[in-house]
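**Q** Sequence and computational prediction follow.
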Amino acid sequence: MEQFAALIVGIIAVFYSAFLFLFQRYIDKKNGAKEKNVQMKEIQNKITENYKTRDLKDPAVMEENNKLQKEMMSISMSLMKGQFKSMMWIMLLGLLVLWSVNTFAYGSFPVGSFWVFSQVITWFILISLVANILYKIIFTLLEKKSMLE
């Protein structure tokens with residue numbers, strides 16, 4: 001019966017990881033993170049090309065580089081704004097989940113305590129990390145096979 005707590009905490013960790021993974025994908029799509037990252041990469045390539053091929057002391061080149069850097073900062077700030085809002089809600093939900101998981105601290109877990117974390121929290125973190133890695137691998141493979149948008 002003591003191992004039942006480890007099973008329940010593991011199930012909670014898997015579902016919580018799935019929720020976080022899908023929520024983050026939704027926020028990234030909503031904010032157009034992929035497109036913005038592509039734009040930033042293109043701007044970065046232009047700036048790098050300017051540094052390699054053009055005279056940096058030329059005022060026109062300096063102005064163009066400044067303009068490109070401002071554009072890059074604007075895109076970067078909009079990305080960070082979208083991620084910050086969602087991060088606050090995720091942190092609050094995470095605290096609630098950790099508090100509820102800690103109620104299972106009476107059970108026996110297959111791991112010891114680590115650093116300042118109790119056995120139940122260590123178990124929760126380990127299961128969450130493994131689940132998140134598996135989700136990342138699965139979704140990456142599905143995207144490569146064009147099974148997801």
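**A** Everything's here; your move.

**Q** So which residues of the protein form helices?
**A** Counting by DSSP state H, the chain has helices at residues 3-31, 33-53, 59-101, 119-144.

**Q** Next, the buried residues of the first one.
**A** By neighbour count, and taking 16 or more other CB atoms under 10 Å as the criterion, the buried residues in helix 3-31 are 5-6, 9-10, 12-14, 16-17, 20-21, 24, 27-28, 31. Where C-beta positions appear, they are placed from N, C-alpha and C, glycine not excepted.

**Q** Point out the other helices and strands that it packs with.
**A** With contacts defined as 3 or more CB pairs under 8 Å, 6 or more residues apart in numbering; DSSP states H and E, helix 3-31 has these neighbours: helix 59-101, helix 119-144.

**Q** follow-up on the earlier one: may I see the helices of the chain arranged in JSON lines, with mean pLDDT and distance to residue 110 as well?
**A** Listed next are the helices of the chain as JSON lines, based on pLDDT from 0 to 100; distance: least, CB to CB, whole Å:
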{"stretch": "helix 3-31", "mean pLDDT": "84", "distance to residue 110": "6"}
{"stretch": "helix 33-53", "mean pLDDT": "84", "distance to residue 110": "37"}
{"stretch": "helix 59-101", "mean pLDDT": "84", "distance to residue 110": "15"}
{"stretch": "helix 119-144", "mean pLDDT": "86", "distance to residue 110": "7"}
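
**Q** Let me know which of the helices and strands packed on helix 3-31 is tucked in deepest.
**A** helix 119-144 (a mean of 16; mean count of other CB atoms under 10 Å).

**Q** circling back to that earlier point, which one of the helices and strands packed on helix 3-31 lies nearest to residue 49?
**A** helix 59-101 (10.4 Å; CB to CB).

**Q** if I look at the residue lying farthest from the centre of the chain, how far off is residue 30?
**A** Distance from the C-alpha centroid of the chain, by CA atoms, centre = their mean, peaks at residue 58 (40.5 Å). Distance, residue 58 to residue 30, by CB to CB, to the nearest Å: 41 Å.
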